[in-house]
Structures are given as structure tokens and as C-alpha cells.
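Engineer: got a sequence here, can you model it:
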Amino acid sequence: MSTRRGRAGDIWLKRPGGRREAPPLSRERIVAGAVALLDEEGVGRLTMRRLAERLGTGSTTLYWHVDTKDDVLDLALDTVFAEAEVPDVSGDWAADVTAMVTRWRAVMLRHPWTATLMGRPMLGPNVLARTEFLHATLRRAGLTGAPLTAAAYGLSHFVVGAAISQASWRGSDESSTRDAADQILAADRDSYPTLAEHGHPSDNDWDAAFRRGLDYLIRGIRGSVVDDI
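Structural biologist: Coordinates of the predicted model:
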């Protein structure tokens, strides 16, 4: 077992190694293999040994390109967020924000393991480019300083929370969980009258609920800009 230690996020301060193996092994190939393994089996199954076996090499070889598993996770996380294409800037800041965060959510749902890594430093170039776009778009909306930060946090947290909730339900026996929720609410309707009347959250149309919640946030941001004028 490797005893290498490092800080999460250190990978962004390092340059790729120049050594090549036969067949050529590169940081890009390592990350592609890691993403495939994460998509298939999740974060808990990723080890440097298993990744090396997938790539047809030894784990020692990987360490010419990355120092720790944390490096691999940070690289993989940033790589998949490149799939969230940065929208073209339009004259409608709300449409641009909606496009960006909707694509962000789609990436997280395609790669559910990302939800478990949101506490890591998000310092890769792909994540930073998309965060820059979001902040710049809110700046065009008229926000600055603390209001801009609060709006960006609100949007980011909404997307992450929505994706985590949906991914968690997908990872469970959704039908059995919904049946259990229905039974509990029916048996104790007086304690949970609103849930009993309007349904457990698992009954929602995930996409429709996301669009509506995002619309509420956009309206609130728009209103705050008007109030500050």
C-alpha cells in the first residue's frame, strides 16, 4: 500500500511528467482510465492498483505522472466538467446562467460520483473557467461584491444539492423507498400533513422541479438587482 501523502488540490501546482512507457502512458490516459472506472464502480473502488491494472501497467508507473490518488480524483473531476460547454455570451444574463447551471447539473447526473467529491478544492482549469463565466454573467446582471458572491453560492449550492438528491435516489431501490415513504406518511398523516397531501419529494419530476427551483432563484436575483438600483 502506498504511503504517499499530499494535499487535495496539489495537482494544479504540478507539471505533467515527461516520462513515457510502452505503450505510451500519459496523464491524459491515466485520467481517462480513472473516469471510466469511476463511472462504472464509483469512488470507493478507485485505487492506484486497480487503475494501473485497467491501464495494463504497474502502479509504480502511475507515480511518474501523478503523486497520489487525490491527484487522480482532482484531475478526473475537472476533466468531466469540461463536458459542461460554456455558453456563448448573449444579451440575456438569466438565459446564460440557466444554460450554464443546467449543463453543470447534467454532467453531475452523467457522472454521479462527482457528487461525492464536491468538498474537494475546485481549482482545475475547466471548473475555474465555468465559475468565471457564472460570476462574470452575474456581474453583467448588475451584481458586485457580497451580493454577487451570495448569488453565485446560491446557484452553485442549488445545482449540487439537486444533483446529489437525484443521484442518491437513483442509487437506491427507488420504488421500494417511495413505497416505504408512502406507508409512513399514510400511517402518521397528522404529523406530516403537508407531505401527505402534496407527496413525498421522491414523487417529483426531477427535471421540472429543477427548472422551477432555478426560476425562483433567477427571479430572486433579478429582484435584488432592481431593489439595489
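
Engineer: hey, which helix or strand in this structure has the poorest pLDDT?
Structural biologist: Least confident helix or strand, the chain: helix 174-187 with a mean of 73, by mean pLDDT, DSSP states H and E.

Engineer: list the buried residues in that helix.
Structural biologist: When burial is assessed from 16 or more other C-beta atoms under 10 Å, helix 174-187 yields the following buried residues: 178, 181, 185. For the C-beta atoms, the positions are set from N, CA and C on the backbone; glycine is no exception.

Engineer: okay, now the residue lying closest to the last one once chain neighbours are set aside: neighbour count?
Structural biologist: I take that to be L185. Leaving aside its sequence neighbours, L185 sits nearest to A196 (C-beta to C-beta, 6 or more residues apart in numbering; 4.5 Å). A196 has 17 neighbours, counted by other C-beta atoms under 10 Å.

Engineer: any low-confidence regions in the chain?
Structural biologist: 1-8, 15-23, 170-177, 199-204, 226-229 (pLDDT under 70).

Engineer: per-domain residue ranges of it.
Structural biologist: Domains of the chain are assigned by automatic domain parsing as 10-80, 85-228.

Engineer: looking at those, which is buried most?
Structural biologist: Among the domains of the chain, domain 10-80 has the highest mean neighbour count (mean count of other C-beta atoms under 10 Å), at a mean of 17.

Engineer: what separates the top helix by length along the chain from the chain centre, distance-wise?
Structural biologist: In the chain, assigned by DSSP state H, the helix with the most residues is helix 145-170. Offset of helix 145-170 from its chain centre (C-alpha atoms, centre = their mean, to the nearest Å): 10 Å.

Engineer: list the helices and strands the least confident helix or strand of the chain packs on?
Structural biologist: helix 193-198 (3 or more C-beta pairs under 8 Å, 6 or more residues apart in numbering; DSSP states H and E).

Engineer: just the C-alphas of the helix it packs on, formatted as PDB.
Structural biologist: Taking Å, rounded to 0.1, in the frame of the first residue of the first chain, the C-alpha atoms of helix 193-198 are listed here in PDB:
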ATOM      1  CA  PRO A 193     -49.900  16.700   6.800                       C
ATOM      2  CA  THR A 194     -48.200  18.700   4.000                       C
ATOM      3  CA  LEU A 195     -46.100  15.800   2.900                       C
ATOM      4  CA  ALA A 196     -49.100  13.600   3.000                       C
ATOM      5  CA  GLU A 197     -51.200  16.000   0.900                       C
ATOM      6  CA  HIS A 198     -48.600  17.000  -1.700                       C
END
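
Engineer: hmm, V72 is touching V66, no?
Structural biologist: Yes: using C-beta atoms under 8 Å, V72 makes contact with V66 at a distance of 5.6 Å.

Engineer: residues in contact with the closest residue to M48 other than its chain neighbours?
Structural biologist: Using C-beta to C-beta, 6+ apart and skipping residues adjacent in sequence, the residue nearest M48 is S59, 4.6 Å away. Shown in contact with S59 (C-beta atoms under 8 Å, 6 or more residues apart in numbering): 2, 48-49, 51-52.

Engineer: again, only using 6 Å
Structural biologist: Applying C-beta atoms under 6 Å, 6 or more residues apart in numbering, one finds that S59 lies in contact with 48-49, 52.
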